[in-house]
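K.L.:
pasting the structure only:
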């Protein structure tokens, strides 16, 4: 509980910094889980550079872009009703998600050393499936997020 209270205090004093660092930490944690539990690389096979890239993408791209987007959504639809949450989710998934994914995938590709030509080919190959996969999970998650989670915790 003490750690949670410290996090809340830091979030109150430095909301932007804490949200950006949280995004980077979650991206790094997600990559670590992927490498260890899904790919079963083990500690010796863990690609620390890959995890660092994901932390960097979280802090330098995902955190600022998504955090800013959530603020825009709350200005456009300032309420917290179910209808407001639905409006936010529809705009998020219909407009923002396709654009965000179209930026995220090539950014990660470039940071992983892909040439512009290879990155473009990878984007053309992977984008449709990634977007469809996004729609299996994220509309429901975002609906709950926009309805239940206060803006400063998103």
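P.N.:
Everything's here; your move. Keep in mind that this is a model prediction, so the values were computed, not measured. Numbers count the residues shown, from 1 in each chain.
K.L.:
From residue 107, how far out is the residue nearest the centre of the chain?
P.N.:
Nearest residue to the geometric centre of the chain (Cα atoms, centre = their mean): residue 62, 5.1 Å. Residue 62 sits 10 Å away from residue 107, going by Cβ to Cβ, to the nearest Å. In short, each C-beta sits where N, CA and C put it, glycine included.
K.L.:
pLDDT at the spatially most distant residue from the centre of the chain, what is it?
P.N.:
Most distant residue from the mean C-alpha position of the chain: residue 44, 27.4 Å away (Cα atoms, centre = their mean). You'll see residue 44 listed with a pLDDT of 95.
K.L.:
just to confirm, which helix or strand has it in it?
P.N.:
If you go by DSSP states H and E, residue 44 is part of helix 42-45.
K.L.:
Quick check: mean pLDDT of the helix or strand following that helix?
P.N.:
As assigned by DSSP H and E, the chain's next helix or strand after helix 42-45 is helix 48-57. Taken as a whole, helix 48-57 has an average pLDDT of 97.
K.L.:
So for residue 143, what's the nearest residue that isn't a sequence neighbour?
P.N.:
Distances taken as Cβ to Cβ, 6 or more residues apart in numbering put residue 89 closest to residue 143, at 4.6 Å, once the chain neighbours are dropped.
K.L.:
Next up, the contacts around that neighbour.
P.N.:
The neighbours of residue 89, taking Cβ atoms under 8 Å, 6 or more residues apart in numbering as the test, are 139, 142-143, 146.
K.L.:
Touching, residue 107 and residue 57? I think so.
P.N.:
Yes - in this structure, residue 107 is within contact of residue 57 by Cβ atoms under 8 Å, at 6.5 Å.
K.L.:
quick one, what contacts residue 4?
P.N.:
Counting by Cβ under 8 Å, 6+ apart, residue 4 touches no other residue.
K.L.:
Work out for me the element it sits within.
P.N.:
Take DSSP H and E as the rule and residue 4 turns out to sit in helix 2-13.
K.L.:
Would you mark the buried spots in that helix?
P.N.:
Across helix 2-13, burial judged by 16 or more other Cβ atoms under 10 Å covers residue 11.
K.L.:
After that helix, which helix or strand is next?
P.N.:
helix 15-33.
K.L.:
just the angle between that next one and helix 2-13, please?
P.N.:
140 degrees (axes from the mean of the first three to the mean of the last three Cα atoms, to 10 degrees).
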